[in-house]
Each structure stands twice: as structure tokens, then as C-alpha cells.
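J.: need coordinates for the following:
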Amino acid sequence: MIESLSRALFHRLAGSTTLKTLASRYGMRPRGFARRFIAGETLSDAITTATRLTDSGRRCTLNYLGESVTSLEAAREAAAAYEAIMRGVHDAGLSCQISVKLTQLGLVLNAPRCEENLRRVLDAAGDEYFVRIDMEQSGWVDPTLDIFERAWRDGYRNVGVVLQSYLHRAAADLTRLNDLPARIRLCKGAYREAAVVAYPAKADVDGSFLRLMRTLVETGSYPAFATHDPRMIAAVKTYADQRGLSADAFEFEMLFGVRRDLQTALLAEGYRVRVYLPFGHQWFQYFMRRLGERPANVLFVLRSLLHERRG
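T.: Numbering: from 1, shown residues only. Predicted structure coming up:
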């Protein structure tokens, strides 16, 4: 009941024109509440932030906000936007990865057209950029993996995908992807899902993450571990050391503005740290919907701020 009310509240707030106007006026100011977690509204904002992070030793993944488009024209425009982003990053002399959501490229509307848009992005990326396909709600896992696997089998090697440890199916999906072998980002998962699809208890999600992590350390192709959980991070470090995996054979990934203290500590220890950097004019909808997916997401943000202050 609480989860349903929370989700309904945040989704309603996300659609509020008045609140969006106020948020746009104050949220993106230099000290605005959203600038802690969103790089800005423009590519110039994102490049400025990415340059600062790169100078600090962090790697960056740029994500242009705007999932679940409502027209094929908008999907084409999103693909064109990613082409422009890569040109801008190149001109700035940066080395960044690109993250895309297939619903932004039209998956909900027309899967073949979505696949065309993705390949357009991959062709533009060439050998210079690595493109990560973000994983969305469980209903989109199969079409996402199918599109990814077809691209892989057609020779695209500049693309990887994401697995979410809270899904029951994740172990089977990992076996399928490792057989390619694909580059995988492992995360816990942030969407609200039914218990028949995903583990409802945190302990079970953590247990699944650890099992998948061990497989990736043993047989993965440059895996990325996306977590802000110190216990999971410590487990990755320990197991990688036990298996003789060097610190440059994998990386940790974290959201922009979250657990910067952990990012700094990992860098000091010689590990690779990549920051997921969202930007774009649709930041308000993204911000509110992510908070509304699960009440735990709100607590997660608050705990992150508290941990950094204590640090």
C-alpha cells in the first residue's frame, strides 16, 4: 500500500506543470537541488561536468534523458541527439561511454525501427565510443537482449548491456551473454517489480548480486559493477584479488552525485571508477519517476547524503 501510494504521488508530481516550472527555475541553478544528481540540461553542461570528473581521475558515461518516447519521430530525434553528443564529446577531447535506453529509441512503438535507431548510434560510435544499453523494466528484458544479441552477431563489438541482480532470471541471462562473450554491467535494479519476477528481500538481491559477480570475475569480459553498497564493493575487491584479477580488468560504476566519498576512496586504491552522468531537459521527469519507482530509492538518496556528511 505504501509503495503504491508513493509511486502514484511521485508520478503525479512528475506530471505537474507548476512543479516542473518551479523545478526548472530553481533545480538547475549552480546550487539547485537537482544539480547534485543531474549534470545539467544541455550537452555543454554535461561536457563541463564530464571534464571536471575526468580531471579528478573518474571515467564517465553520458546518458541523454528521455525514455519511453511517444512517436517514431521522437525516437529518430533521440538517435540523432546521440550522434551530436558523440561529436561534441570528440570535439571536447574527452573519452566517454554512451548509455542508451531502448524505449527512448522507440522500443515501445516499433521494435524493428528501434533496432535501426540503435544501429545508427552504434555506427556513429564506431571504434571511438562504447555504447551501453541500459536495462529497463522486466517486460523489456527479452526484446532488449534480443536486439543486443542480433547486433553482436552482426559484428558490433562497441556495445554492451546491463543485468539486474534482483530479477530471478538474471543467472540464466548471464550464461547466455557470457557465451558471446558480451561486456556486462551488473547492478541490483531500481524498478518496482512483482515478487514473481524479482526478489523482494534485499538479502536475496544481495545474494544474487554476489553470485553473478563471482561468475563475472571468473569468466566475464571487462565487467562493470554498478553499486554504492560498501559491502558489495568490498566483496568484489576481495574476490577479484583471490582470483588474481588485476584492478584494470574491471571497473566500479556509480551514479553522479552519489557516494562521492566511496568514489574517491576507490580511486586512491587504484581501482577504475566510472560515473553515470544523466543530463537533458527531461531531468525533472527522470528525477521524480526514479524516486517514485520504490520508496527505497528515496531512502537511498538520503542515506548517500548522510554517509558523505559523516565521511
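
J.: can you give me the strands for the protein?
T.: Along the chain, the stretches classed as strands by DSSP state E are 59-64, 97-100, 131-133, 159-164, 184-187, 224-226, 251-255, 273-279.

J.: Arg243 and Thr219 touch, don't they?
T.: No. Counting by Cβ atoms under 8 Å, Arg243 does not reach Thr219; the two are 10.2 Å apart. (Each C-beta comes from the backbone N, C-alpha and C, glycine too.)

J.: pull up the overlap in contacts between the two.
T.: Contact criterion Cβ atoms under 8 Å, 6 or more residues apart in numbering; no residue bridges Arg243 and Thr219 by contacting each.

J.: low-confidence ranges, the protein, go.
T.: Flagging of the chain using pLDDT under 70 yields the residue ranges 1-33, 287-311.

J.: could you redo the last one with a cut-off of 50?
T.: Along the chain, the parts satisfying pLDDT under 50 run over 1-7, 11.

J.: top helix in it by residue count?
T.: helix 72-91 (DSSP state H).

J.: in that one, what's buried?
T.: Ala75, Arg76, Ala78, Ala79, Ala81, Tyr82, Ile85, Met86, Gly88, Val89 (16 or more other Cβ atoms under 10 Å).

J.: for stretch 183-192, same thing?
T.: Under 16+ other Cβ under 10 Å, the buried positions of stretch 183-192 are Arg183, Ile184, Arg185, Leu186, Cys187, Lys188, Gly189, Tyr191, Arg192.

J.: ok, residues contacting it?
T.: Residues contacting stretch 183-192 (Cβ under 8 Å, 6+ apart): 3, 7, 130, 132, 135-138, 160-167, 174, 177-178, 198, 205-206, 209, 212-213, 216, 220-227, 229, 253, 290, 293-294, 297.

J.: then stretch 83-93?
T.: Stretch 83-93 is touched from outside by 43-44, 46-47, 50-51, 62, 64, 95-96, 98, 120-121, 124-125, 128-129, with contacts defined as Cβ under 8 Å, 6+ apart.
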